[in-house]
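Asks: Using only what follows, build the 3D model:
(one chain, ligands or ions: 1)
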Amino acid sequence: MEAAHGSGLVAALFAGLLAACAAPSASPVVEMPVVPSSPVIAEAPPPIELHVAVERPPVASPEPPGTALACAGPAKQGGAILCQALPGATITLDGKAVAIADSGGAAVIGLTRTQVSPAKIGLLPAATAGTTQSAVSAYTEVEVLPRKDTVSKFEMECRRIAPQSPEDKRHAEVSWVRKDKAMKAFNAPLAPVGFVKPADGPYSSAYGVTRTYVPKTKDCEGSTSVHNGQDIAIPTGTEIRAPMAGTVLLADPDLFYEGGAVFLDLGRGLVSITMHMSRIDVKDGERVAQGQVLGLSGATGRVTGPHLHWAIKYRNVLSDDRGTDIWLDPLLVLGLKPPG
Ligand SMILES: [Zn+2]
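Replies: A predicted model of the protein is given here:
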């Protein structure tokens with residue numbers, strides 16, 4: 001379901017601009033309702049010629065403003081929404097700028113596990129990026145279905161719950177620094193959005209489950225965390241493949257929690273992370289194709305047995321604060337569909 005809102009004039013202007021881009025061969029003259037000194041027109045992209053028709057009422061736009069932004073729905077908490085807008089447009093979620101449409105106009109909007117419904121997805125035309133929310137020219141509402149996550153308990157050795165020895169503490173610290181540095185790099189997408197499962201095997205522990213780690217001995221405290229990825233039950237030595245084409249941000253054989261892991265930047269804010277691998281076949285900075293083997297599964301890092309932990313991180317490409325990035329449900333990302 002879509003609803004268009006916002007300033008009628010600015011919305012009408014942008015709708016006209018989009019219509020002009022969508023049908024370049026219809027007429028060499030693009031008629032646009034324009035108000036003199038409008039900041040939108042003053043900063044419009046240079047390749048588009050504008051012919052001012054002052055006598056035409058601004059409300060007479062042939063396209064409704066909602067056509068400037070189309071998003072697929074319904075979505076689910078912890079999932080993502082694929083939207084289509086003008087290339088370079090800045091997209092907002094509930095008033096906060098979160099994504100930029102790529103050269104094909106596609107943008108991915110990640111949703112937290114507690115996203116309220118409906119998600120209000122807005123549009124800032126490229127020329128007004130960086131301005132305030134009042135510049136939003138249109139928004140669309142996407143229904144967000146609620147999650148029903150469960151709670152489970154695990155018994156674990158203290159050293160797997162948290163680093164205990166000085167060596168483990170140092171290992172965890174070095175791992176954190178490497179991950180933190182890697183996640184600051186952003187690469188352009190190499191392919192349209194479309195995922196394949198990274199390994200053949202049954203799904204086991206699901207994303208979103210609250211896990212309480214109970215120590216096997218009394219040497220440490222227990223802890224509680226939310227499972228931030230999807231597990232796939234496979235024996236050591238199973239091929240792990242790239243779920244989508246991307247650029248390797250970090251390929252590390254020995255991170256403290258993740259073990260052997262590949263952080264693959266898919267563009268549009270998405271990073272695929274495959275963990276607990278026994279062998280790594282790619283290098284930092286390498287570009288990989290969808291389905292390319294990244295390495296082999298294993299039982300490295302903080303695990304109780306061999307499996308693949310597959311996680312998807314959604315980074316706000318407009319923010320330097322990596323602390324606000326969110327984990328998405330890989331199974332929902334796997335099913336991402338374009339609008340329409
Ligand atoms: Zn897992």
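Asks: Contact residues of this protein facing the ion?
Replies: Applying C-beta under 5 Å from the ion, one finds that the chain approaches the ion through Gly229, Asp231, His309. Any C-beta I mention is one placed from the backbone N, CA and C, and that applies to glycine too.
Asks: how about those in a markdown table, adding secondary structure and distance to Ala138?
Replies: Below are those laid out as a markdown table (DSSP: H, G, I helix; E, B strand; the rest coil; distance: C-beta to C-beta, whole Å):
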| residue | secondary structure | distance to Ala138 |
| --- | --- | --- |
| Gly229 | coil | 34 |
| Asp231 | strand | 40 |
| His309 | strand | 39 |
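Asks: which one among those residues gets closest to the ion?
Replies: His309 (3.4 Å; C-beta to the ion).
Asks: Name the SS class of the nearest residue to that closest one once chain neighbours are set aside, please.
Replies: Distance criterion C-beta to C-beta, 6 or more residues apart in numbering; nearest residue to His309, sequence neighbours excluded, is Met275 at 4.3 Å. At Met275 the chain is in strand, as set by DSSP: H, G, I helix; E, B strand; the rest coil.
Asks: Met275 and Ala261 touch, don't they?
Replies: Yes - with contact defined as C-beta atoms under 8 Å, Met275 counts as touching Ala261 (4.6 Å).
Asks: Give me the neighbour count for the residue nearest to His309.
Replies: 26 (other C-beta atoms under 10 Å).
Asks: so what's it up against?
Replies: Residues in contact with Met275 (C-beta atoms under 8 Å, 6 or more residues apart in numbering) are Gly229, Leu255, Glu258, Gly259, Gly260, Ala261, Gly301, Leu308, His309, Trp310, Ala311.
Asks: Secondary structure element holding the closest residue in space to the second one that isn't next to it in sequence?
Replies: Closest residue to Leu255 in three dimensions, ignoring its sequence neighbours and counting by C-beta to C-beta, 6+ apart: Ser175, at 4.2 Å. With secondary structure defined by DSSP states H and E, Ser175 is part of helix 166-182.
Asks: Okay, buried residues for that helix please.
Replies: His171, Ala172, Ser175, Lys179, Ala182 (16 or more other C-beta atoms under 10 Å).
Asks: Does the last one touch Ala251 like I think?
Replies: No - at 9.4 Å, Ala182 does not count as touching Ala251 under the criterion of C-beta under 8 Å.
Asks: can you list residues touching both of the two?
Replies: Phe263, Asp284.
Asks: Quick check: beta-bridge partners of the closest residue to the ion within the stretch 51-200 of the chain?
Replies: The minimum distance from the stretch 51-200 of the chain to the ion, using C-beta to the ion, falls at Phe154 (10.8 Å). Phe154 has the following beta-bridge partners by DSSP bridges: Tyr213.
Asks: ditto for Ile109
Replies: Under DSSP bridges, the beta-bridge partners of Ile109 are Ile81.
Asks: residues near it, how many?
Replies: Other residues lying near Ile109 total 24 when counted by other C-beta under 10 Å.
Asks: Assumed Asp200 was part of a strand.
Replies: No - Asp200 is assigned coil when assessed by three-state DSSP, not a strand.
Asks: where does it fall, phi/psi-wise?
Replies: Dihedral pair for Asp200: phi -80, psi 120, per degrees, to the nearest 10.
Asks: wait, doesn't it sit right on Pro235?
Replies: No - with contacts counted by C-beta under 8 Å, Asp200 stays clear of Pro235, the gap being 11.3 Å.
Asks: just to revisit the earlier point, now for the buried residues of helix 166-182: which two are most distant?
Replies: Across those, the longest distance by C-beta to C-beta is 16.7 Å; it joins His171 and Ala182.
Asks: burial measure for the residue nearest to Ile273 when sequence neighbours are not counted, as a count.
Replies: Among residues not flanking Ile273 along the chain, Ala311 sits closest, at 4.4 Å (C-beta to C-beta, 6+ apart). Ala311 has 22 neighbours, counted by other C-beta under 10 Å.
Asks: Surely Ala311 touches Gly229?
Replies: Yes - if you go by C-beta under 8 Å, Ala311 and Gly229 touch, sitting 3.3 Å apart.
Asks: Find the residues that touch each one of those two.
Replies: Residues touching both Ala311 and Gly229 by C-beta under 8 Å, 6+ apart: Ile273, Met275, Trp327, Pro330.
Asks: picking that back up, next, format the contacts of Met275 as TSV and append distance to Asn187.
Replies: Below are the contacts of Met275 laid out as TSV (distance: C-beta to C-beta, whole Å):
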residue	distance to Asn187
Gly229	21
Leu255	20
Glu258	20
Gly259	24
Gly260	22
Ala261	18
Gly301	25
Leu308	23
His309	23
Trp310	20
Ala311	18
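Asks: Of those residues, just say which sits nearest to the ion.
Replies: For the contacts of Met275, the nearest to the ion is His309 (3.4 Å; C-beta to the ion).
Asks: So what pairs up with that closest one in the strands?
Replies: Asp231, Met275.
Asks: Check the one 5 residues further on too.
Replies: The residues listed as beta-bridge partners of Tyr314 by DSSP bridges are Leu270, Ile326.
Asks: Could you count how many residues lie near Glu141?
Replies: Neighbour tally, Glu141, other C-beta under 10 Å: 17.
Asks: Thank you, goodbye.
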